[in-house]
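Colleague: Would you be able to build a 3D model of this:
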Amino acid sequence: MLDLKFVREHPELVKEDLRRRQRDPSLVDQLLEMDQRWRISFARQSDLRAGQNRRSEEVARKKKSGEEPSALLNELRQLSEQIREQNEQIHLQADSITRILEKIPNSLHHSVPEGTDESGNPRIRSGGSSPSFSFSPLPHWELAKRLKLFDLERSGKIAGSGFILYTGWGAKLERSLISWMIDFHCQHHGYRELFPPFVINRDTAYGTGKLPDFDDQMYRFQNSDLYLNPTAEVPVTALHAGETLQADTLPLYYVAYTACFRREAGAAGKDTRGLLRLHQFDKVELVKFVRPEDSYLELENLTSEAESIVAALELPYEVVELCTGEIGFSASKAYDINVFAPGVNKWLEVSSCSNCTNFQSRRLNMRFRNPQTGKLEFVHTLNGSGVALPRTVAAILENYQEMDGSVRVPRVLQPYLQVERIQPGS
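Modeller: Alright, predicted model coming up:
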């Protein structure tokens, strides 16, 4: 959430950010109008309290001198009622201010490129090379059917479309990828492993910016304020909610695996085959808590750390910077990592890395005391997929497929799977 004082002092800057994000800039005018009403009401309440104090002092003097204070007491009762009504008005106005602030996304970094959709995301760099095939590469769902890696018919029977039942080597590949990625980030990048709940409460979802903006994408428990976790970013970022962190402990790096659950509302008919768009999927997430002056450098590092996963898997990939029309609600600057899948002939997003500055920590009230100034400041939070599994698995199957229908196992995964190749009938 943005600081109300910042919006007061820089309304045109916030409006311009909203325009760049293709959102309604009149939100700022609505906010400032309600803020002005709140300040008038607050000033009125202060005047009423001052009048109440003066009359209370007069009542005390009259009683001391033996005079009858009944008229003043009647005025005090009227003032008390007016103060009560004014207080209710102030709370209603404050709630309205908060509701409007909730709709305003994070301020964009000045370097974020202009664009309306993914076509406006410039490629920053690329790596790996696409294999050359002497045959027409198959899409991953056909490979998976031949190798019996997942069972769409039975998963549909169990849970419906958008859920995957991994079987045999498919289940082993999924499990091995999770273990390898967590080990890799801990051993090479200094992350601390967590295993958070797969369920979050409303405060956690709200504090990380998923509510109200992401509400239609989350699964909610009936008659409860609990939600299925949409991404490990949410529980891990909320880990230090309400805490004042020690400055000398920063930066903090956490890596966590969770299953993720998303309704994919509005995505009907888009990339529905195989592993390309699911309601439940596995993901390894990277989360950082850092000092404000370090957060943009940490974003570059975070992106490189996620990138190292697809590089180690020897997949063809690209890193793109998200434009103004694509960047997430809570992010100030962000990158996506896409891998190429030759069987579907598409670039598939497997990671999004974002600097959320103090947008989440303000809602979650996560601070540290700056040793130079002695003042409390909000930490900056960053998150990135390190990486998401379904499309990574799809890219592995399609890039490592052989003419005989087998799939070679990436070298880094061979110690985990204990095989070099997944073959039909194995």
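Colleague: Check which helix or strand Arg362 maps to.
Modeller: helix 359-364 (DSSP states H and E).
Colleague: which helices and strands sit right next to that helix?
Modeller: helix 202-207, strand 380-388 (3 or more Cβ pairs under 8 Å, 6 or more residues apart in numbering; DSSP states H and E). Where you see a C-beta, it was placed from the backbone N, CA and C, and this is true even at glycine.
Colleague: Now it: average pLDDT?
Modeller: Across helix 359-364, pLDDT averages out at 96.
Colleague: Show residues contacting it.
Modeller: 1-3, 106, 206-209, 237-238, 240-242, 330, 332, 366-367, 378-381 (Cβ atoms under 8 Å, 6 or more residues apart in numbering).
Colleague: Filter the residues you listed down to the buried ones.
Modeller: Buried by 16 or more other Cβ atoms under 10 Å: 1-2, 106, 206-209, 237-238, 240-241, 330, 332, 366-367, 378-381, out of these.
Colleague: returning to what we had before: among the contacts of helix 359-364, which lie within helices?
Modeller: Secondary structure from DSSP state H places 206-207, 237 of those in helices.
Colleague: for the residues you listed, which one is nearest Arg146?
Modeller: Thr237 (40.5 Å; Cβ to Cβ).
Colleague: so what's that closest one up against?
Modeller: Contacts of Thr237 (Cβ under 8 Å, 6+ apart): 207-208, 287, 360, 364, 381, 383.
Colleague: what is the rounded mean pLDDT of stretch 124-142?
Modeller: 96.
Colleague: Buried residues, that stretch. List them.
Modeller: Those would be 128, 131, 137-142, for stretch 124-142 by 16+ other Cβ under 10 Å.
Colleague: In strands only, show me those residues.
Modeller: Counted as lying in strands by DSSP state E, out of the buried residues of stretch 124-142, is not a single one.
Colleague: Present those as CSV; the columns should include distance to Arg8.
Modeller: Below are the buried residues of stretch 124-142 laid out as CSV (distance: Cβ to Cβ, whole Å):
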residue, distance to Arg8
Gly128, 48
Pro131, 56
Pro137, 57
Leu138, 58
Pro139, 54
His140, 52
Trp141, 54
Glu142, 58
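Colleague: Can you report how many residues neighbour Phe221?
Modeller: 10 (other Cβ atoms under 10 Å).
Colleague: Mind pulling the model confidence for it?
Modeller: At Phe221, pLDDT is 94.
Colleague: swap in Asp271?
Modeller: 68.
Colleague: same check, this time on Ala265
Modeller: 64.
Colleague: Same check on the one 3 residues further on?
Modeller: Predicted confidence (pLDDT) for Ala268: 55.
Colleague: cool, Ile97 as well?
Modeller: On the pLDDT scale, Ile97 gets 97.
Colleague: ok, it - contacts?
Modeller: Ile97 neighbours (Cβ under 8 Å, 6+ apart): 4, 31, 34-35, 38.
Colleague: try 6 Å
Modeller: Each residue near Ile97 by Cβ atoms under 6 Å, 6 or more residues apart in numbering is listed here: 34-35.
Colleague: which helices and strands does the one helix or strand Leu32 maps to pack with?
Modeller: Assessed by DSSP H and E, Leu32 sits inside helix 26-65. Packing partners of helix 26-65 (3 or more Cβ pairs under 6 Å, 6 or more residues apart in numbering; DSSP states H and E): helix 11-20, helix 70-101.
Colleague: so how far is the longest one off the chain centroid?
Modeller: Pointing back at helix 70-101 there. How far helix 70-101 lies from its chain's middle: 38 Å, per Cα atoms, centre = their mean, to the nearest Å.
Colleague: buried sites along it?
Modeller: For helix 70-101, by 16+ other Cβ under 10 Å, it's 72, 75-76, 79, 83, 86, 89-90, 93, 96-97, 100-101.
Colleague: from those, which has minimum pLDDT?
Modeller: Among these, Leu72 has the lowest pLDDT, at 82.
Colleague: where in this protein is pLDDT low?
Modeller: Residue ranges of the chain with pLDDT under 70: 265-271.
Colleague: Tell me which residue lies farthest from the centre of it.
Modeller: Gly66 (67.1 Å; Cα atoms, centre = their mean).
Colleague: how about the nearest residue to Pro410, chain neighbours excluded?
Modeller: Nearest in space to Pro410, with sequence neighbours left out and distances taken as Cβ to Cβ, 6 or more residues apart in numbering, is Leu313 at 4.8 Å.
Colleague: Kindly provide the distance from the one you found to Lys148.
Modeller: 22 Å (Cβ to Cβ, to the nearest Å).
Colleague: Please apply the same query to His188.
Modeller: According to Cβ to Cβ, His188 and Lys148 sit 33 Å apart.
Colleague: Neighbour count for the two, which is higher?
Modeller: More crowded of His188 and Lys148, by other Cβ under 10 Å: Lys148, with 15 against 11.
Colleague: So the more buried one is in contact with Gly168, correct?
Modeller: Yes: using Cβ atoms under 6 Å, Lys148 makes contact with Gly168 at a distance of 5.4 Å.
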